[in-house]
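Visitor: Need coordinates for the following:
(chains A and B)
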2 protein chains.
Amino acid sequence: MDSVYQHVIAWQEALAESGVPLSVWRIHRRIGMSGGLFLNALQRETGVQLDTEALERLSSLHAEYYLRRAGGVVPLPGAIELLGYLRDHEVPFAIATSGSRLTASSAIELLDLPPDTVLVTRDIVERAKPDPHLFLAAASLLEVDPRHCFVVGDSVWDLLAAQRASSLGVGLLSGGYGRAELQAAGAYRVYADPEDMLDHLEEVGVRPAT
Amino acid sequence: MDSVYQHVIAWQEALAESGVPLSVWRIHRRIGMSGGLFLNALQRETGVQLDTEALERLSSLHAEYYLRRAGGVVPLPGAIELLGYLRDHEVPFAIATSGSRLTASSAIELLDLPPDTVLVTRDIVERAKPDPHLFLAAASLLEVDPRHCFVVGDSVWDLLAAQRASSLGVGLLSGGYGRAELQAAGAYRVYADPEDMLDHLEEVGVRPAT
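Guide: The predicted structure follows:
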C-alpha cells in the first residue's frame, strides 16, 4: 500500500497537538519500526518525557488522523498484479505488517486478496520490526523455512528484520529510502515498486509451481 | 524551514484531484526541483498528458493545499540560531529558494531575519534547480565569487545546482534523503539539521569577520 506519507503526516499532526516538536524527516525514517521503539526514540530526541496517558493519547491521535486520510491510500502500482501472479502460480505468500488487524483487513480488500490470505499483524506477535517475529510467524504459517522466504519491504526496518529472520531481503523505493540505504540494510535487489518487481521476478528466484 | 512533507502531501492531493495517479515517494524525491521539470517527469511517468490549463490548475491546487497546511510549517531546529550566528559574526549569506516571493517572505519572518536579508526566489531567475541560476544570483547579490560560497540544501537538486554554480555543497538530512545520496550529489559534509551544522561550523570553514 502507498501509505507511508499519510502515516508520516498523521504522526506529525498528533505530535504537534501533543506539544512534542519533532522534525518531519525524523518521523518519516521511523515509519514501519515498532511503535514502542519509535516512542522511545522521540522522547530521547526531543527531551520530552511522556507518561503512559500521554503516550496512549498520542497513539490514538495518530490512528484518528491516519484514518481521516486513509481514503486517499491506494495500492502501489503493480501490487494487485504481483500478488495475483503469485496466487495464480501457487507461489505461497503472506502479508506481514506492523499495523493492526483492522488496518490490514482494509488493505487485504483493496489488494483484491481472498479473505483466507495468510495475514500476520502486530497484534499476534510479541515484538514488531526490526525484531524478526512478524516474518518468522509468517513463515511458520506458510510452513516454509524462513531461510527460503523473501521479505519484500520498503523500509530499512523491514530489511533488518528480514536479516534477523534469516530470510532474503528485497527492497522497494516506495518508502522514500534510497537504493543504497536499502542495500546497506540487507536488500539484495531493489525495485521501484511492485510493478518493477513483477517485471524482474526471475531475479528473486520465483519459480511457478509445475 | 521544515516544509518538504507538507509540499509532498499538497502535491499528492492536487494530483489525486486532477486524476493523475503518482506514487507519493516519486513526488517526495522531486521536491525542490524546477516545477517545469517536475511536471514533465510526472507526465512521462504516468502517461497522462496535461494541457496548459490542466497544468495551471494543478499548480494552483498545489498552492491552495500547501497554504492550507502552512500553519504547521516551522523552522528546522537550529535554523534561527544558525542564521543569527552568521549575522552576528558578519558572515554574508542569502536565502535562495525555488519557491515564490510570497512563500519566501513568510519564511523570512519565521526565521527572525531582518527585511533587508538577501533573498533570491524563483520569480527573479530564468531557471530553477538543478540549474545553478538561483545560487549564481545569490552570489552576485552578495558580491562573493560563487566558488567561495557554500550552498546548504536538503535535496539532491540543491546539491547538483551547487556543483553547477561551482560552489561547495553542504547537505542536511531534513529533506528525507539519506547521507549517501546527498554525498553522491556533491555534499562534502552532511548534517542532520541546522542545529547539527551550527555545532560543526568550523568544518565548513566559517570564519567570523575579525
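
Visitor: Would you mind checking the average pLDDT for stretch A:106-124?
Guide: Mean per-residue pLDDT for stretch A:106-124: 91.

Visitor: Quick one: residues in contact with that stretch.
Guide: A:1, A:35, A:70, A:73-75, A:79-80, A:83-84, A:87, A:92-101, A:104-105, A:128, A:134, A:137-138, A:141-142 (Cβ atoms under 8 Å, 6 or more residues apart in numbering or on different chains). C-beta here means a position set from N, CA and C on the backbone, and glycine is covered the same way.

Visitor: Is it possible to mark the buried ones in these?
Guide: A:1, A:35, A:70, A:73, A:75, A:79-80, A:83, A:93-99, A:104, A:128, A:134, A:137-138, A:142 (16 or more other Cβ atoms under 10 Å in any protein chain shown).

Visitor: In strands, which of the residues you listed appear?
Guide: Using DSSP state E to define strands, the subset of those located there is A:94-96.

Visitor: how about the residues of chain A near chain B?
Guide: By Cβ under 8 Å from any Cβ of the partner chain, the residues of chain A that approach chain B are A:2, A:4-6, A:8-9, A:12-13, A:16, A:21, A:23-25, A:28-29, A:72, A:74, A:76-77, A:173-178, A:180-181, A:184, A:193.

Visitor: I'd like to know which helix or strand in chain A has the lowest mean pLDDT.
Guide: None of the helices or strands of chain A scores lower by mean pLDDT, DSSP states H and E than helix A:101-110, at a mean of 84.

Visitor: roughly how far out does that helix sit from the chain middle?
Guide: 13 Å (Cα atoms, centre = their mean, to the nearest Å).

Visitor: try stretch A:57-64
Guide: That offset, for stretch A:57-64, works out to 19 Å (Cα atoms, centre = their mean).

Visitor: what do you get for stretch A:57-74?
Guide: That offset, for stretch A:57-74, works out to 16 Å (Cα atoms, centre = their mean).

Visitor: show me the contacts for A:Leu172.
Guide: The contact partners of A:Leu172, taken as Cβ under 8 Å, 6+ apart, are A:76, A:152-154, A:182, A:190-194, A:197.

Visitor: Find me the pLDDT at it, would you?
Guide: A:Leu172 is given a pLDDT of 98.

Visitor: I'd like to know how far the nearest residue to it once chain neighbours are set aside sits from B:Trp25.
Guide: Among residues not flanking A:Leu172 along the chain, A:Asp154 sits closest, at 4.2 Å (Cβ to Cβ, 6 or more residues apart in numbering or on different chains). Counting by Cβ to Cβ, to the nearest Å, the gap from A:Asp154 to B:Trp25 is 8 Å.

Visitor: Over to A:Leu76?
Guide: According to Cβ to Cβ, A:Leu76 stands 9 Å off from B:Trp25.

Visitor: Spit out the residues that contact these two alike.
Guide: In contact with both A:Leu76 and B:Trp25: A:2, A:174, using Cβ under 8 Å, 6+ apart.
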